[in-house]
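got a predicted model here, sequence first, then my questions.
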Amino acid sequence: MSSIPDLASLHALGAAQQPSYPDAAAVEAAVTTLRTAPPLVFAGECDDLTEKLAAVTRGEAFLLQGGDCAETFAGVTADNVRNKLRVLLQMAVVLTYAAKVPVVKIGRLAGQYAKPRSSDEETRDGVTLPAYRGDAVNGYDFTPESRIPDPQRLVDVYNASAATLNLVRAFTTGGYADLRQVSTWNTDFVRSSPIGQRYEALAGEIQSALDFMAAIGADPDEFHRVDFHSSHEALVLEYEHALTRIDSRTNQPYDVSGHFVWIGERTRQLDGAHVELLSHIRNPIGVKLGPTTSADDAIALASKLNPENTPGRLTFVTRFGAKKIRDGLPELVEKVTAAGLQVAWVCDPMHGNTFTASSGYKTRAFEDVADEVQGFFDVHRQLGTWPGGLHVELTGDDVTECVGGGEELAEMDLGSRYESVCDPRLNRVQSLELAFHVAEMLRSTAHS
Ligand SMILES: O=C[C@H](O)[C@H](O)COP(=O)(O)O
Ligand SMILES: C=C(OP(=O)(O)O)C(=O)O
Ligand SMILES: [Mn+2]
């Protein structure tokens, strides 16, 4: 457990979804730079998160994990990071206050730059080029030059992640996330949306509770700062391997590119490189499980990735789709539970519900997203297991990428503000609306 396999031996196992770099010397140069770069996170912070996820595993806390499908370098701006953080804080407050359950907060940010794709190529108007694989790998522009994988981008990922995390740390500990700001997070859109008004009412209740606490002289640290953690899919081996380091306190390897890293649906082969690398690190980790996952697959993954069965180490993020979850999930949860495996169960209601609108935009319907979460809660309720969390693709901006929701966004509206470079995200109102739905589900679960 304490050794780190070398990069060549990982590649020898076969690694899905890797860039085909044309220039080996350039890869070497980028990896050399990354190997000496300071850690982005401290191993002790990863251990703290494992403890929090152990509480999720035990049914004592709920995980909220969200952010872009794909971050972009251009998106590393104060406004963008703040807006994303703000909607996550708002969602967390709704979940905590309405359901009275502690919420563990993880952003899909500060490292979420590499994308697995269903096709290696993209064709537009009869022209075929390599697919865009995230800013970590190549450019989004549809030109032959831009689509060539460039390993220097991995160094750019490191720098962009460092800048993002620095700002997130400043916001979450430096006053922005102070609970007294709960109303100001709402700002402008409160006037225009019923969900915003619902939030405003909740913020008012929190505010008077805080006033009461202040009056009796109680002012704990928890009111002024929040614990917030970073996460991304551990996809490009060169990057994750270069940032895997031996922690001097424990002598154990940690991937210091983020607090929590996960293995995607397309790279979860039991004997593949991603499972191997993540089996050696001590961070809390996740695995995405789609509808083709058998219970035996999940049990084998848990045995390899969490041989000591440590609670909080392993999170299974199921992404079945609204139509499949009620039939497919029970057997998985039942058998994993019967095998005595300690895992947190988290619902990704996004990736099983993607479709292409007639206008050509990739989209998701808010109603399908909400229905998959309801299915997830229903299955766990039937089995007596804990629906541990929500993993969503969202943005703090008023984009038009997913249809439906209270604003009744239609397919024909998608073009007005479609900004994602990969999958469609819930916008700010849809995100908050989902949080209110989930708070209801959680409230009836927690108190049943
Ligand atoms: O975010 C997840 C995947 O990268 C994405 O769903 C794949 O999308 P594609 O089918 O457009 O390649
Ligand atoms: C690639 C993703 O998901 P999955 O691996 O579940 O398809 C993602 O989370 O963006
Ligand atoms: Mn995605």
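Nice, thanks for sending it over. Numbering: from 1, shown residues only. Ligands and ions are numbered 1, 2, ... in the order given.

quick one: contacts for the closest residue to ligand 2 within the stretch 51-200 of the chain?
Residue of the stretch 51-200 of the chain nearest ligand 2, by CB to the nearest ligand atom: Cys69 (4.8 Å). (Each C-beta comes from the backbone N, C-alpha and C, glycine too.) Contacts for Cys69 (CB atoms under 8 Å, 6 or more residues apart in numbering) come out as Arg108, Gln112, Lys115, Met350, Glu393, Ser420, Val421, Cys422, Asp423, Pro424, Arg425.

strands paired with the one helix or strand Gly286 maps to, and their directions?
Taking DSSP states H and E as the criterion, Gly286 maps to strand 285-289. Paired strands of strand 285-289, with direction, are strand 260-263 (parallel), strand 314-318 (parallel) (DSSP bridges).

now the residue positioned nearest the centre of the chain: how far from Thr250?
The chain has Arg108 as the residue nearest its centroid, 3.8 Å off, counting by CA atoms, centre = their mean. Note on Arg108: its distance to Thr250, by CB to CB, to the nearest Å, is 27 Å.

could I get the strands paired with strand 285-289 as a markdown table with distance to Leu237 and mean neighbour count?
Listed next are these as a markdown table, based on distance: least, CB to CB, whole Å; neighbours: other CB atoms under 10 Å:
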| stretch | distance to Leu237 | mean neighbour count |
| --- | --- | --- |
| strand 260-263 | 12 | 26 |
| strand 314-318 | 20 | 25 |
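
re the thing from before, what strand or helix carries the residue nearest to the centre of the chain?
strand 103-108.

by how many degrees do that strand and strand 285-289 diverge?
80 degrees (axes from the mean of the first three to the mean of the last three CA atoms, to 10 degrees).

what pairs with strand 103-108, parallel or antiparallel?
strand 62-67 (parallel), strand 229-233 (parallel).

how about these in CSV, adding mean neighbour count, mean pLDDT and distance to Gln17?
Shown next, in CSV, are the strands paired with strand 103-108 (neighbours: other CB atoms under 10 Å; pLDDT from 0 to 100; distance: least, CB to CB, whole Å):
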stretch, mean neighbour count, mean pLDDT, distance to Gln17
strand 62-67, 26, 98, 20
strand 229-233, 27, 99, 10
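
spell out which parts of the stretch 51-200 of the chain neighbour ligand 2.
Cys69, Pro116 (CB under 6 Å from any ligand atom).

interface residues of the stretch 51-200 of the chain facing ligand 3?
Residues of the stretch 51-200 of the chain lying close to ligand 3 by CB under 5 Å from the ion are Cys69.

just the helices in the stretch 51-200 of the chain please.
Counting by DSSP state H, counting those that start in this stretch, the stretch 51-200 of the chain has helices at residues 78-99, 152-173, 194-215.

on that earlier part again, is the strand holding Gly286 positioned near ligand 3?
No: remark: strand 285-289 sits outside contact range of ligand 3, by CB under 5 Å from the ion, the gap being at least 9.8 Å.

is that strand in proximity to ligand 1?
No: using CB under 6 Å from any ligand atom, strand 285-289 stays clear of ligand 1, coming no nearer than 9.1 Å.

after that strand, next one along is what?
helix 295-305.

for that following helix, packing partners?
helix 273-280, strand 285-289, strand 314-318, helix 325-338 (3 or more CB pairs under 8 Å, 6 or more residues apart in numbering; DSSP states H and E).

returning to that earlier point: in CSV: the helices of the stretch 51-200 of the chain, plus mean pLDDT, mean neighbour count and distance to Pro387.
CSV is the format used below for the helices of the stretch 51-200 of the chain (pLDDT from 0 to 100; neighbours: other CB atoms under 10 Å; distance: least, CB to CB, whole Å):
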stretch, mean pLDDT, mean neighbour count, distance to Pro387
helix 78-99, 94, 21, 11
helix 152-173, 98, 19, 26
helix 194-215, 91, 14, 22
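
JSON lines for the ones you listed, including distance to Ser359?
Converted to JSON lines, these look like this (distance: least, CB to CB, whole Å):
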{"stretch": "helix 78-99", "distance to Ser359": "25"}
{"stretch": "helix 152-173", "distance to Ser359": "31"}
{"stretch": "helix 194-215", "distance to Ser359": "26"}
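
coming back round to it: what about the strand holding Gly286, near ligand 2?
Yes: contact of strand 285-289 with ligand 2 (CB under 6 Å from any ligand atom) involves Lys288.

can you name the residues that contact the residue nearest to Ser3 when sequence neighbours are not counted?
Distance criterion CB to CB, 6 or more residues apart in numbering; nearest residue to Ser3, sequence neighbours excluded, is His280 at 6.9 Å. For His280, the contacting residues are Met1, Ser3, Ile4, Pro5, Thr244, Pro253, by CB under 8 Å, 6+ apart.

quick revisit: need the helices and strands packed on helix 295-305 in a markdown table with mean pLDDT, can you?
As requested, those are arranged in a markdown table below (pLDDT from 0 to 100):
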| stretch | mean pLDDT |
| --- | --- |
| helix 273-280 | 98 |
| strand 285-289 | 99 |
| strand 314-318 | 99 |
| helix 325-338 | 98 |
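
the ones you listed: which one's closest to Gly415?
Within the helices and strands packed on helix 295-305, the stretch nearest Gly415 is strand 285-289; the backing value is 29.4 Å (CB to CB).

residues in contact with that closest one?
With CB under 8 Å, 6+ apart, strand 285-289 has contacts from 231, 234, 260-265, 268, 278, 297-298, 301, 305, 313-319, 332, 346, 348, 351, 391.

show me which of these neighbour ligand 1.
His351.

for the helix or strand where Val392 lies, C-alpha coordinates in PDB please.
Taking DSSP H and E as the criterion, Val392 maps to strand 389-393. What follows is strand 389-393, C-alpha atoms only, in PDB (Å, rounded to 0.1, in the frame of the first residue of the first chain):
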ATOM      1  CA  GLY A 389     -25.300  12.300  -1.200                       C
ATOM      2  CA  LEU A 390     -25.800  14.200  -4.400                       C
ATOM      3  CA  HIS A 391     -23.200  14.600  -7.200                       C
ATOM      4  CA  VAL A 392     -24.200  17.200  -9.700                       C
ATOM      5  CA  GLU A 393     -23.000  19.200 -12.700                       C
END
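
distance of the residue of the chain found nearest ligand 2 from Val287?
Closest approach between the chain and ligand 2, counting by CB to the nearest ligand atom: Gly264, at 3.0 Å. From Gly264 over to Val287 the distance is 8 Å, taken as CB to CB.

same thing with Ala78?
Distance from Ala78 to Val287, by CB to CB: 33 Å.

also Arg35?
Look at Arg35 and Val287: by CB to CB, they are 26 Å apart.

more crowded one of these two?
The residue with more neighbours, out of Arg35 and Val287, is Val287; 25 against 12, by other CB atoms under 10 Å.
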